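S.K.: This is the structure alone, sequence omitted:
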Ligand code: SAH
Ligand code: SF4
(Lines give C-alpha, C1' and ligand atoms only; values in the text may rest on other atoms or scores of the structure.)
(Ligands and ions follow the chains in the order given, each with its own letter.)
Protein backbone atom coordinates (compact mmCIF):
# COMPACT_ATOMS: atom_id res chain seq x y z
CA UNK A 1 0.00 0.00 0.00
CA UNK A 2 0.99 3.52 -0.50
CA UNK A 3 2.54 5.70 2.05
CA UNK A 4 0.01 8.39 2.70
CA UNK A 5 0.86 11.47 0.76
CA UNK A 6 -1.37 14.41 1.22
CA UNK A 7 0.14 17.24 -0.65
CA UNK A 8 -0.86 19.84 -3.13
CA UNK A 9 2.33 20.57 -4.97
CA UNK A 10 2.73 23.40 -7.42
CA UNK A 11 5.46 23.04 -9.99
CA UNK A 12 7.97 25.73 -9.07
CA UNK A 13 9.07 26.01 -12.70
CA UNK A 14 5.60 26.73 -14.00
CA UNK A 15 5.40 30.17 -15.48
CA UNK A 16 2.67 32.45 -14.19
CA UNK A 17 -0.31 32.90 -16.44
CA UNK A 18 -1.25 36.33 -17.62
CA UNK A 19 -4.82 36.80 -18.68
CA UNK A 20 -5.83 39.65 -20.87
CA UNK A 21 -9.11 40.48 -22.51
CA UNK A 22 -7.36 40.12 -25.85
CA UNK A 23 -6.20 36.63 -24.94
CA UNK A 24 -9.66 35.73 -23.90
CA UNK A 25 -11.07 37.05 -27.12
CA UNK A 26 -8.47 35.46 -29.37
CA UNK A 27 -7.49 32.25 -27.64
CA UNK A 28 -10.84 30.85 -26.68
CA UNK A 29 -14.28 30.98 -28.09
CA UNK A 30 -17.48 29.67 -26.69
CA UNK A 31 -17.98 27.18 -29.46
CA UNK A 32 -15.53 24.41 -30.09
CA UNK A 33 -12.54 25.30 -32.25
CA UNK A 34 -10.29 22.95 -34.22
CA UNK A 35 -6.55 23.23 -33.80
CA UNK A 36 -3.60 21.63 -35.48
CA UNK A 37 -0.96 22.13 -32.82
CA UNK A 38 1.10 19.40 -31.22
CA UNK A 39 0.71 18.74 -27.53
CA UNK A 40 3.87 19.92 -25.87
CA UNK A 41 4.86 23.42 -24.90
CA UNK A 42 7.80 23.59 -27.25
CA UNK A 43 10.17 26.50 -27.19
CA UNK A 44 12.14 26.51 -30.43
CA UNK A 45 10.01 23.95 -32.30
CA UNK A 46 6.89 21.87 -32.30
CA UNK A 47 6.83 18.79 -30.14
CA UNK A 48 6.54 15.40 -31.79
CA UNK A 49 4.97 13.90 -28.67
CA UNK A 50 1.42 12.70 -29.25
CA UNK A 51 1.60 12.72 -33.05
CA UNK A 52 0.11 9.96 -35.21
CA UNK A 53 2.25 7.93 -37.62
CA UNK A 54 1.06 10.09 -40.52
CA UNK A 55 1.88 13.30 -38.67
CA UNK A 56 5.34 11.98 -37.80
CA UNK A 57 5.87 11.08 -41.43
CA UNK A 58 4.98 14.63 -42.50
CA UNK A 59 7.27 16.07 -39.84
CA UNK A 60 10.18 13.95 -41.10
CA UNK A 61 9.48 14.79 -44.74
CA UNK A 62 9.45 18.47 -43.82
CA UNK A 63 13.08 18.31 -42.68
CA UNK A 64 14.18 16.54 -45.84
CA UNK A 65 14.18 12.85 -44.86
CA UNK A 66 13.96 11.03 -48.20
CA UNK A 67 10.72 9.27 -49.10
CA UNK A 68 12.34 5.81 -49.18
CA UNK A 69 13.49 6.14 -45.55
CA UNK A 70 10.28 7.56 -44.12
CA UNK A 71 8.65 4.32 -43.05
CA UNK A 72 11.71 3.07 -41.21
CA UNK A 73 12.35 6.44 -39.54
CA UNK A 74 8.75 6.71 -38.38
CA UNK A 75 9.04 3.22 -36.85
CA UNK A 76 12.21 4.25 -35.03
CA UNK A 77 10.75 7.48 -33.70
CA UNK A 78 7.58 5.63 -32.70
CA UNK A 79 9.54 3.14 -30.65
CA UNK A 80 11.54 5.80 -28.86
CA UNK A 81 8.65 8.14 -28.15
CA UNK A 82 5.90 5.68 -27.31
CA UNK A 83 7.60 2.48 -26.20
CA UNK A 84 10.52 3.93 -24.28
CA UNK A 85 9.24 7.37 -23.38
CA UNK A 86 12.36 9.14 -24.71
CA UNK A 87 12.69 12.78 -23.74
CA UNK A 88 15.71 13.66 -25.84
CA UNK A 89 16.64 12.87 -29.44
CA UNK A 90 20.17 12.11 -28.18
CA UNK A 91 18.82 8.85 -26.70
CA UNK A 92 17.86 7.58 -30.15
CA UNK A 93 21.15 5.86 -30.76
CA UNK A 94 19.98 3.76 -33.69
CA UNK A 95 19.46 6.92 -35.71
CA UNK A 96 22.41 8.70 -37.28
CA UNK A 97 23.97 11.70 -35.56
CA UNK A 98 23.14 13.95 -38.47
CA UNK A 99 19.45 13.08 -38.41
CA UNK A 100 19.28 13.49 -34.64
CA UNK A 101 20.83 16.93 -34.98
CA UNK A 102 18.31 17.88 -37.64
CA UNK A 103 15.46 16.62 -35.53
CA UNK A 104 16.53 18.57 -32.50
CA UNK A 105 16.95 21.72 -34.55
CA UNK A 106 13.40 21.51 -35.88
CA UNK A 107 11.46 19.75 -33.14
CA UNK A 108 11.32 18.86 -29.48
CA UNK A 109 10.00 15.99 -27.37
CA UNK A 110 8.44 18.42 -24.91
CA UNK A 111 5.43 17.37 -22.90
CA UNK A 112 2.66 19.71 -21.92
CA UNK A 113 3.55 21.42 -18.69
CA UNK A 114 2.41 19.92 -15.41
CA UNK A 115 1.34 23.04 -13.55
CA UNK A 116 0.45 21.19 -10.39
CA UNK A 117 0.12 17.70 -9.02
CA UNK A 118 -2.15 16.74 -6.15
CA UNK A 119 -1.94 13.37 -4.45
CA UNK A 120 -4.92 12.14 -2.48
CA UNK A 121 -4.74 10.16 0.73
CA UNK A 122 -6.02 7.19 -1.29
CA UNK A 123 -3.21 7.44 -3.86
CA UNK A 124 -5.30 9.11 -6.58
CA UNK A 125 -3.32 11.75 -8.45
CA UNK A 126 -4.68 14.78 -10.23
CA UNK A 127 -2.60 16.83 -12.61
CA UNK A 128 -3.36 20.27 -13.90
CA UNK A 129 -1.80 20.26 -17.35
CA UNK A 130 -1.13 23.28 -19.51
CA UNK A 131 -1.12 22.67 -23.25
CA UNK A 132 1.19 24.47 -25.64
CA UNK A 133 0.15 27.93 -26.67
CA UNK A 134 -1.77 28.04 -29.95
CA UNK A 135 -0.84 31.61 -30.84
CA UNK A 136 0.74 34.76 -29.47
CA UNK A 137 -2.28 35.63 -27.37
CA UNK A 138 -2.97 32.19 -25.96
CA UNK A 139 -1.09 31.23 -22.80
CA UNK A 140 -2.10 27.60 -23.14
CA UNK A 141 -5.33 25.84 -22.27
CA UNK A 142 -5.41 23.98 -19.00
CA UNK A 143 -7.09 20.66 -18.41
CA UNK A 144 -7.19 18.12 -15.63
CA UNK A 145 -6.28 14.47 -15.78
CA UNK A 146 -6.72 11.95 -12.94
CA UNK A 147 -4.88 8.71 -12.16
CA UNK A 148 -6.68 6.13 -10.04
CA UNK A 149 -4.44 3.26 -8.89
CA UNK A 150 -5.82 -0.04 -7.63
CA UNK A 151 -3.95 -3.20 -6.72
CA UNK A 152 -4.53 -4.88 -10.07
CA UNK A 153 -5.05 -1.95 -12.43
CA UNK A 154 -4.29 1.71 -12.92
CA UNK A 155 -6.95 3.83 -14.57
CA UNK A 156 -6.25 7.14 -16.23
CA UNK A 157 -9.21 9.47 -16.64
CA UNK A 158 -8.49 11.74 -19.61
CA UNK A 159 -10.12 14.88 -20.94
CA UNK A 160 -11.26 15.25 -24.55
CA UNK A 161 -12.09 18.96 -24.51
CA UNK A 162 -11.23 22.03 -22.52
CA UNK A 163 -14.55 22.45 -20.69
CA UNK A 164 -17.75 21.17 -22.27
CA UNK A 165 -20.41 22.83 -24.41
CA UNK A 166 -23.13 20.69 -22.87
CA UNK A 167 -24.67 21.84 -19.64
CA UNK A 168 -25.69 18.82 -17.61
CA UNK A 169 -27.20 20.37 -14.51
CA UNK A 170 -25.22 18.25 -12.00
CA UNK A 171 -21.78 18.59 -13.65
CA UNK A 172 -19.18 21.17 -12.74
CA UNK A 173 -17.37 20.97 -16.09
CA UNK A 174 -20.62 21.97 -17.78
CA UNK A 175 -20.49 25.33 -16.04
CA UNK A 176 -17.19 26.17 -17.71
CA UNK A 177 -17.79 28.78 -20.36
CA UNK A 178 -14.64 28.51 -22.40
CA UNK A 179 -14.42 25.44 -24.57
CA UNK A 180 -12.27 24.03 -27.30
CA UNK A 181 -11.51 20.59 -28.64
CA UNK A 182 -8.22 19.00 -27.65
CA UNK A 183 -6.11 17.78 -30.56
CA UNK A 184 -5.35 14.07 -30.75
CA UNK A 185 -1.77 14.87 -29.70
CA UNK A 186 -3.04 16.71 -26.63
CA UNK A 187 -5.18 13.72 -25.69
CA UNK A 188 -2.30 11.24 -26.12
CA UNK A 189 0.02 13.56 -24.21
CA UNK A 190 -2.08 13.07 -21.07
CA UNK A 191 -1.02 9.42 -21.06
CA UNK A 192 2.61 10.37 -21.64
CA UNK A 193 2.52 12.87 -18.78
CA UNK A 194 0.99 10.22 -16.50
CA UNK A 195 3.60 7.62 -17.45
CA UNK A 196 6.36 10.17 -16.82
CA UNK A 197 4.94 11.10 -13.43
CA UNK A 198 4.48 7.56 -12.12
CA UNK A 199 7.55 6.06 -13.73
CA UNK A 200 5.67 3.80 -16.13
CA UNK A 201 8.37 3.38 -18.80
CA UNK A 202 10.85 0.52 -19.23
CA UNK A 203 13.60 1.05 -16.67
CA UNK A 204 11.80 3.85 -14.80
CA UNK A 205 10.61 3.67 -11.20
CA UNK A 206 7.63 5.26 -9.47
CA UNK A 207 8.17 8.17 -7.10
CA UNK A 208 8.96 7.23 -3.53
CA UNK A 209 5.83 6.16 -1.64
CA UNK A 210 3.56 6.22 -4.70
CA UNK A 211 0.64 3.80 -4.82
CA UNK A 212 0.78 1.87 -8.10
CA UNK A 213 -0.65 -1.53 -9.10
CA UNK A 214 1.52 -4.44 -7.97
CA UNK A 215 0.27 -7.17 -10.30
CA UNK A 216 3.29 -6.93 -12.57
CA UNK A 217 1.38 -5.09 -15.32
CA UNK A 218 1.69 -1.52 -16.55
CA UNK A 219 0.90 1.19 -14.02
CA UNK A 220 -1.59 2.70 -16.48
CA UNK A 221 -3.57 -0.29 -17.73
CA UNK A 222 -6.94 1.34 -18.43
CA UNK A 223 -8.14 4.61 -19.91
CA UNK A 224 -11.53 6.20 -19.40
CA UNK A 225 -12.67 9.26 -21.34
CA UNK A 226 -14.48 10.62 -18.31
CA UNK A 227 -12.55 13.80 -17.65
CA UNK A 228 -13.53 17.15 -19.08
CA UNK A 229 -15.56 17.32 -22.26
CA UNK A 230 -17.86 15.32 -24.48
CA UNK A 231 -15.65 12.88 -26.45
CA UNK A 232 -18.20 12.42 -29.23
CA UNK A 233 -18.18 16.14 -29.99
CA UNK A 234 -14.51 15.59 -30.82
CA UNK A 235 -14.72 12.17 -32.42
CA UNK A 236 -11.97 12.61 -35.05
CA UNK A 237 -9.36 13.47 -32.47
CA UNK A 238 -10.58 10.91 -29.95
CA UNK A 239 -10.43 8.12 -32.56
CA UNK A 240 -6.96 9.22 -33.70
CA UNK A 241 -5.73 9.39 -30.10
CA UNK A 242 -7.09 5.91 -29.36
CA UNK A 243 -5.20 4.59 -32.40
CA UNK A 244 -1.96 5.94 -30.96
CA UNK A 245 -2.68 4.78 -27.40
CA UNK A 246 -3.56 1.24 -28.47
CA UNK A 247 -0.75 0.74 -30.97
CA UNK A 248 0.97 -2.58 -30.28
CA UNK A 249 4.44 -1.18 -31.00
CA UNK A 250 4.13 1.80 -28.71
CA UNK A 251 1.84 2.58 -25.82
CA UNK A 252 0.05 -0.81 -26.15
CA UNK A 253 -3.17 -0.08 -24.27
CA UNK A 254 -5.77 -2.73 -25.08
CA UNK A 255 -8.85 -1.27 -26.81
CA UNK A 256 -10.94 -3.38 -24.46
CA UNK A 257 -9.45 -1.45 -21.59
CA UNK A 258 -10.35 1.90 -23.09
CA UNK A 259 -13.84 3.22 -22.29
CA UNK A 260 -15.40 6.23 -23.96
CA UNK A 261 -18.20 7.84 -21.97
CA UNK A 262 -20.82 9.86 -23.80
CA UNK A 263 -23.82 11.86 -22.70
CA UNK A 264 -25.57 10.48 -25.78
CA UNK A 265 -24.32 11.95 -29.06
CA UNK A 266 -26.33 9.37 -30.98
CA UNK A 267 -25.08 10.05 -34.54
CA UNK A 268 -21.45 9.45 -33.53
CA UNK A 269 -21.87 6.23 -31.59
CA UNK A 270 -21.77 3.83 -34.51
CA UNK A 271 -18.63 5.44 -35.79
CA UNK A 272 -16.90 5.18 -32.45
CA UNK A 273 -17.63 1.45 -32.33
CA UNK A 274 -16.61 0.83 -35.92
CA UNK A 275 -13.44 2.93 -35.93
CA UNK A 276 -12.16 2.86 -32.37
CA UNK A 277 -13.64 -0.45 -31.22
CA UNK A 278 -13.53 0.59 -27.59
CA UNK A 279 -15.86 -0.04 -24.71
CA UNK A 280 -18.78 2.36 -24.43
CA UNK A 281 -20.30 4.03 -21.39
CA UNK A 282 -23.54 5.97 -21.53
CA UNK A 283 -24.38 8.73 -19.07
CA UNK A 284 -28.03 7.81 -18.68
CA UNK A 285 -28.91 9.28 -15.26
CA UNK A 286 -32.69 9.32 -15.81
CA UNK A 287 -35.30 6.91 -17.13
CA UNK A 288 -37.94 9.46 -18.20
CA UNK A 289 -37.38 11.95 -21.02
CA UNK A 290 -38.85 14.79 -19.01
CA UNK A 291 -36.26 14.39 -16.26
CA UNK A 292 -33.39 13.52 -18.60
CA UNK A 293 -34.13 16.69 -20.62
CA UNK A 294 -33.29 18.60 -17.47
CA UNK A 295 -30.33 16.59 -16.19
CA UNK A 296 -28.66 15.82 -19.54
CA UNK A 297 -29.97 18.47 -21.94
CA UNK A 298 -28.66 16.72 -25.06
CA UNK A 299 -31.68 14.44 -24.45
CA UNK A 300 -33.86 17.14 -26.03
CA UNK A 301 -32.06 16.39 -29.29
CA UNK A 302 -31.65 12.62 -28.95
CA UNK A 303 -34.17 11.12 -26.57
CA UNK A 304 -33.94 7.95 -24.49
CA UNK A 305 -35.45 5.75 -27.18
CA UNK A 306 -33.05 6.97 -29.88
CA UNK A 307 -30.17 6.57 -27.45
CA UNK A 308 -31.03 3.00 -26.52
CA UNK A 309 -31.61 2.06 -30.17
CA UNK A 310 -28.10 3.33 -30.94
CA UNK A 311 -26.82 1.22 -28.04
CA UNK A 312 -28.48 -1.91 -29.43
CA UNK A 313 -26.74 -1.21 -32.74
CA UNK A 314 -23.30 -0.54 -31.20
CA UNK A 315 -20.74 -2.56 -33.17
CA UNK A 316 -19.16 -5.44 -31.28
CA UNK A 317 -21.81 -5.53 -28.57
CA UNK A 318 -22.03 -8.91 -26.84
CA UNK A 319 -22.29 -10.40 -23.38
CA UNK A 320 -18.53 -10.25 -23.18
CA UNK A 321 -18.55 -6.61 -24.31
CA UNK A 322 -21.29 -4.89 -22.43
CA UNK A 323 -22.22 -1.26 -22.42
CA UNK A 324 -21.84 0.49 -19.08
CA UNK A 325 -24.77 2.70 -18.11
CA UNK A 326 -23.75 5.40 -15.70
CA UNK A 327 -26.37 6.59 -13.28
CA UNK A 328 -25.62 9.41 -10.87
CA UNK A 329 -27.55 9.12 -7.60
CA UNK A 330 -29.36 12.38 -6.90
CA UNK A 331 -31.38 12.54 -3.70
CA UNK A 332 -35.11 12.72 -4.33
CA UNK A 333 -34.59 13.29 -8.05
CA UNK A 334 -33.88 9.99 -9.81
CA UNK A 335 -33.34 7.50 -6.99
CA UNK A 336 -36.75 5.91 -6.26
CA UNK A 337 -37.60 2.20 -6.40
CA UNK A 338 -39.82 2.96 -9.41
CA UNK A 339 -36.83 4.56 -11.19
CA UNK A 340 -34.76 1.44 -10.54
CA UNK A 341 -37.49 -0.84 -11.91
CA UNK A 342 -37.98 1.29 -15.02
CA UNK A 343 -34.24 1.30 -15.53
CA UNK A 344 -34.00 -2.48 -15.73
CA UNK A 345 -37.00 -2.62 -18.03
CA UNK A 346 -35.53 -0.06 -20.38
CA UNK A 347 -32.26 -1.95 -20.68
CA UNK A 348 -33.86 -5.30 -21.45
CA UNK A 349 -32.09 -6.99 -24.32
CA UNK A 350 -28.98 -4.80 -24.14
CA UNK A 351 -25.85 -6.49 -22.76
CA UNK A 352 -25.32 -3.96 -19.99
CA UNK A 353 -23.61 -3.11 -16.74
CA UNK A 354 -25.07 -0.43 -14.52
CA UNK A 355 -22.69 1.83 -12.70
CA UNK A 356 -24.22 3.79 -9.85
CA UNK A 357 -22.25 6.95 -9.16
CA UNK A 358 -22.70 8.74 -5.86
CA UNK A 359 -23.22 12.41 -6.78
CA UNK A 360 -20.12 14.46 -6.12
CA UNK A 361 -21.15 17.90 -4.95
CA UNK A 362 -19.25 20.99 -6.00
CA UNK A 363 -19.49 24.56 -4.78
CA UNK A 364 -22.84 25.92 -5.88
CA UNK A 365 -24.34 22.61 -7.08
CA UNK A 366 -28.06 22.32 -6.49
CA UNK A 367 -28.28 18.57 -5.83
CA UNK A 368 -27.47 16.27 -2.96
CA UNK A 369 -26.17 12.75 -3.09
CA UNK A 370 -28.74 10.06 -2.28
CA UNK A 371 -28.49 8.52 1.18
CA UNK A 372 -26.46 5.37 1.40
CA UNK A 373 -29.50 3.19 2.25
CA UNK A 374 -31.27 4.51 -0.84
CA UNK A 375 -28.30 3.70 -3.06
CA UNK A 376 -28.17 0.19 -1.58
CA UNK A 377 -31.88 -0.35 -2.15
CA UNK A 378 -31.62 0.92 -5.74
CA UNK A 379 -28.62 -1.29 -6.34
CA UNK A 380 -30.48 -4.29 -4.89
CA UNK A 381 -33.38 -3.91 -7.35
CA UNK A 382 -30.97 -3.64 -10.25
CA UNK A 383 -28.95 -6.61 -9.02
CA UNK A 384 -32.04 -8.80 -8.61
CA UNK A 385 -32.95 -8.08 -12.21
CA UNK A 386 -29.67 -9.71 -13.19
CA UNK A 387 -27.37 -6.73 -13.64
CA UNK A 388 -24.06 -6.18 -11.96
CA UNK A 389 -24.47 -2.79 -10.33
CA UNK A 390 -21.29 -1.72 -8.67
CA UNK A 391 -21.45 1.56 -6.85
CA UNK A 392 -18.49 3.59 -7.96
CA UNK A 393 -16.27 4.25 -4.98
CA UNK A 394 -15.50 7.91 -4.82
CA UNK A 395 -11.76 8.36 -5.22
CA UNK A 396 -9.65 11.39 -4.62
CA UNK A 397 -12.44 13.29 -2.93
CA UNK A 398 -9.97 15.31 -0.87
CA UNK A 399 -8.42 16.70 -4.04
CA UNK A 400 -11.70 17.20 -5.95
CA UNK A 401 -10.69 14.58 -8.49
CA UNK A 402 -14.00 12.73 -8.69
CA UNK A 403 -16.33 12.53 -11.66
CA UNK A 404 -17.80 15.80 -12.76
CA UNK A 405 -15.67 17.91 -10.48
CA UNK A 406 -13.05 18.80 -13.01
CA UNK A 407 -13.08 22.39 -13.98
CA UNK A 408 -9.86 23.93 -15.10
CA UNK A 409 -7.89 26.49 -13.22
CA UNK A 410 -7.79 28.54 -16.39
CA UNK A 411 -11.49 29.04 -16.15
CA UNK A 412 -11.41 29.91 -12.46
CA UNK A 413 -8.53 32.22 -13.15
CA UNK A 414 -10.34 33.90 -15.97
CA UNK A 415 -13.39 34.39 -13.84
CA UNK A 416 -11.14 35.96 -11.25
CA UNK A 417 -9.46 38.12 -13.88
CA UNK A 418 -12.86 39.34 -15.06
CA UNK A 419 -13.82 40.21 -11.55
CA UNK A 420 -10.55 42.04 -11.01
CA UNK A 421 -10.87 43.87 -14.30
CA UNK A 422 -14.31 45.01 -13.23
CA UNK A 423 -12.82 46.24 -10.00
CA UNK A 424 -10.06 48.02 -11.87
CA UNK A 425 -7.24 45.71 -10.76
CA UNK A 426 -4.69 44.94 -13.49
CA UNK A 427 -4.01 41.46 -14.86
CA UNK A 428 -0.74 41.38 -12.91
CA UNK A 429 -2.80 41.06 -9.77
CA UNK A 430 -3.88 37.66 -10.96
CA UNK A 431 -0.43 36.21 -10.42
CA UNK A 432 -0.49 37.07 -6.78
CA UNK A 433 -3.94 35.64 -6.26
CA UNK A 434 -3.08 32.51 -8.16
CA UNK A 435 0.18 31.84 -6.40
CA UNK A 436 -1.41 32.42 -3.07
CA UNK A 437 -4.22 29.96 -3.74
N1 LIG B 1 -19.07 14.07 -21.20
C2 LIG B 1 -19.00 12.68 -21.01
C3 LIG B 1 -17.77 12.21 -20.25
C4 LIG B 1 -17.30 13.03 -19.08
S5 LIG B 1 -18.30 13.01 -17.63
C6 LIG B 1 -20.26 12.17 -20.36
O7 LIG B 1 -21.06 12.98 -19.89
O8 LIG B 1 -20.46 10.96 -20.34
C9 LIG B 1 -17.98 11.41 -16.89
C10 LIG B 1 -19.11 10.93 -15.99
O11 LIG B 1 -19.22 11.70 -14.78
C12 LIG B 1 -20.48 11.04 -16.66
O13 LIG B 1 -21.26 9.90 -16.44
C14 LIG B 1 -21.07 12.23 -15.94
O15 LIG B 1 -22.45 12.25 -16.07
C16 LIG B 1 -20.58 12.02 -14.54
N17 LIG B 1 -20.67 13.19 -13.68
C18 LIG B 1 -20.65 14.49 -14.04
N19 LIG B 1 -20.76 15.30 -12.96
C20 LIG B 1 -20.87 14.48 -11.88
C21 LIG B 1 -20.99 14.72 -10.48
N22 LIG B 1 -20.99 15.94 -9.99
N23 LIG B 1 -21.08 13.64 -9.67
C24 LIG B 1 -21.02 12.38 -10.17
N25 LIG B 1 -20.89 12.10 -11.48
C26 LIG B 1 -20.82 13.14 -12.33
FE1 SF4 C 1 -20.31 17.67 -20.47
FE2 SF4 C 1 -20.35 15.13 -19.60
FE3 SF4 C 1 -20.39 17.20 -17.85
FE4 SF4 C 1 -22.52 16.69 -19.35
S5 SF4 C 1 -21.64 15.34 -17.77
S6 SF4 C 1 -21.60 18.72 -18.98
S7 SF4 C 1 -21.59 16.02 -21.26
S8 SF4 C 1 -18.72 16.67 -19.24
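M.R.: Yep, that arrived. From a predicted model like this one, the values you see are computed outputs, not experimental measurements. Ligands and ions are numbered 1, 2, ... in the order given.

S.K.: Pretty sure residue 115 sits in a strand.
M.R.: Yes - note on residue 115: a strand contains this position according to DSSP: H, G, I helix; E, B strand; the rest coil.

S.K.: thinking it is in contact with residue 139, fair?
M.R.: No - using CB atoms under 8 Å, residue 115 is not in contact with residue 139; the gap is 11.1 Å. Heads up, the C-betas are built off the backbone N, CA and C, glycines and all.

S.K.: Report the distance from stretch 300-313 to the chain centre.
M.R.: From the chain centre to the centre of stretch 300-313 is a distance of 24 Å (CA atoms, centre = their mean, to the nearest Å).

S.K.: buried stuff in it?
M.R.: Of the residues in stretch 300-313, those scored as buried under the neighbour-count criterion (16 or more other CB atoms under 10 Å) are 302, 304, 307, 308, 310, 311.

S.K.: Stretch 208-219 too?
M.R.: Neighbour-count burial for stretch 208-219, counted by 16+ other CB under 10 Å, picks out 210, 211, 212, 213, 218, 219.

S.K.: Let me see the mean pLDDT of that stretch.
M.R.: The pLDDT scores in stretch 208-219 average 90.

S.K.: can you list contacts of that stretch?
M.R.: Contact with stretch 208-219 is made by 1-3, 5, 119, 122-123, 149-154, 195, 198-200, 206, 221, 252, as judged by CB atoms under 8 Å, 6 or more residues apart in numbering.

S.K.: What's the end-to-end length of that stretch?
M.R.: Start to finish, the residues bounding stretch 208-219 are 15 Å apart (CA to CA, to the nearest Å).

S.K.: tell me the pLDDT at the residue nearest the centre of the chain?
M.R.: Most central residue of the chain, judged by C-alpha distance to the mean C-alpha position with CA atoms, centre = their mean, is residue 158 at 1.6 Å. Per-residue confidence at residue 158 stands at 96 (pLDDT).

S.K.: How is the residue nearest to it when sequence neighbours are not counted assigned, secondary-structure-wise?
M.R.: Spatial nearest neighbour of residue 158, chain neighbours left out: residue 190 (4.6 Å); criterion: CB to CB, 6 or more residues apart in numbering. Of the three states, residue 190 takes helix according to three-state DSSP.

S.K.: Identify the residues contacting residue 205.
M.R.: With contact taken as CB under 8 Å, 6+ apart, residue 205 is in contact with residue 199.

S.K.: one more time with 10 Å
M.R.: Counting by CB atoms under 10 Å, 6 or more residues apart in numbering, residue 205 touches 198, 199, 212.

S.K.: so which of the residues you listed would you say is closest to residue 377?
M.R.: Here the nearest of these to residue 377, counting by CB to CB, is residue 212; it sits at 36.0 Å.

S.K.: which stretch of helix or strand covers the closest one?
M.R.: Element membership for residue 212, per DSSP states H and E: none, as it lies in no helix or strand.

S.K.: Looking at strand pairing, list the partners for residue 156.
M.R.: The bridge-partner assignment for residue 156, based on DSSP bridges, gives residue 147, residue 223.

S.K.: Surely residue 143 is in a helix?
M.R.: No - judged by three-state DSSP, residue 143 forms no part of a helix; its state is strand.

S.K.: Would you mind listing what in the stretch 251-400 of the chain touches ligand 2?
M.R.: The stretch 251-400 of the chain has residues 263, 283 near ligand 2, with proximity defined as CB under 6 Å from any ligand atom.

S.K.: all helices of the stretch 251-400 of the chain, in order?
M.R.: Taking DSSP state H, counting those that start in this stretch as the test, the helices found in the stretch 251-400 of the chain are 266-271, 289-295, 304-312, 337-346, 372-384.

S.K.: Look at residue 116 and report its pLDDT.
M.R.: Residue 116 is assigned 90 on the pLDDT scale.

S.K.: was I right about it contacting residue 197?
M.R.: No - using CB atoms under 10 Å as the test, residue 116 is too far from residue 197 to be in contact (11.6 Å).

S.K.: Can you work out which residues contact both of these two?
M.R.: By CB under 10 Å, 6+ apart, residue 116 and residue 197 have these common neighbours: residue 127.

S.K.: ranges for the strands of the chain?
M.R.: If DSSP state E is used as the criterion, the strands of the chain fall at 7-10, 46-47, 107-108, 113-119, 125-130, 142-149, 154-157, 161-162, 180-181, 222-225, 258-262, 279-283, 323-329, 352-358.

S.K.: Quick one: mean pLDDT for stretch 185-192?
M.R.: Mean pLDDT, taken over the full extent of stretch 185-192, equals 97.

S.K.: State the distance from residue 215 to residue 150.
M.R.: Between residue 215 and residue 150 the computed distance is 9 Å (CB to CB, to the nearest Å).

S.K.: Could you name every residue contacting both of these two?
M.R.: Shared contacts of residue 215 and residue 150 (CB under 10 Å, 6+ apart): residue 221.

S.K.: quick one: low-confidence ranges for the stretch 251-400 of the chain?
M.R.: Residue ranges of the stretch 251-400 of the chain with pLDDT under 70: 393-394, 397, 400.

S.K.: please redo it, this time with the cut-off set to 90
M.R.: Residues of the stretch 251-400 of the chain meeting the criterion pLDDT under 90: 320, 360-364, 386-400.

S.K.: mind listing what's buried in stretch 191-202?
M.R.: Going by 16+ other CB under 10 Å, stretch 191-202 has these buried residues: 191, 192, 193, 194, 195, 197, 198, 200, 201.
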